[in-house]
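Novice: mind looking at a prediction? Sequence and model below.
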Amino acid sequence: MLKIKDDADLKELEKFGFVFIDNYYLFYNDYKISVIEINADTRELIFLGDKKGNIVLYDLIKADLVEEK
């Protein structure tokens with residue numbers, strides 16, 4: 001399982017296109033379907049997958065915001 005690092009500021013996710021709704025940071029694809037969900041409390045990342053989500057997940061990893069749980 002992947003998660004956002006404990007020392008990372010969750011506000012950084014907004015730079016990647018995430019929106020904060022009901023204790024989750026959500027990233028939507030072009031069809032307005034959530035493809036990445038991050039729980040703000042546990043920081044666990046749920047990847048539901050599509051091409052745009054793959055790119056954003058890669059960008060999060062490259063920015064050193066993601067670690068394995």
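Specialist: Perfect, thanks for sending it.

Novice: residue farthest from the centroid of the chain?
Specialist: Residue farthest from the centre of the chain, counting by Cα atoms, centre = their mean, is Tyr31 at 17.2 Å.

Novice: ranges for the strands of this structure?
Specialist: 2-4, 19-21, 24-28, 34-39, 44-47, 66-68 (DSSP state E).

Novice: quick one, which of these gets closest to Leu60.
Specialist: strand 66-68 (5.0 Å; Cβ to Cβ). Backbone N, C-alpha and C define where each C-beta goes, glycine included.

Novice: what's in contact with that closest one?
Specialist: 1-5, 45, 57, 60 (Cβ atoms under 8 Å, 6 or more residues apart in numbering).

Novice: the residues you listed, buried ones only, as a ChimeraX selection?
Specialist: To isolate the buried members of those in ChimeraX, using 16 or more other Cβ atoms under 10 Å:
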select :2,3,4,45,57,60
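
Novice: ok, of the contacts of strand 66-68, which one's closest to Tyr24?
Specialist: Leu45 (10.7 Å).

Novice: as CSV, the strands of the chain with distance to Leu10 and mean pLDDT would be great.
Specialist: CSV is the format used below for the strands of the chain (distance: least, Cβ to Cβ, whole Å; pLDDT from 0 to 100):
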stretch, distance to Leu10, mean pLDDT
strand 2-4, 7, 97
strand 19-21, 8, 97
strand 24-28, 6, 97
strand 34-39, 8, 96
strand 44-47, 12, 96
strand 66-68, 13, 97
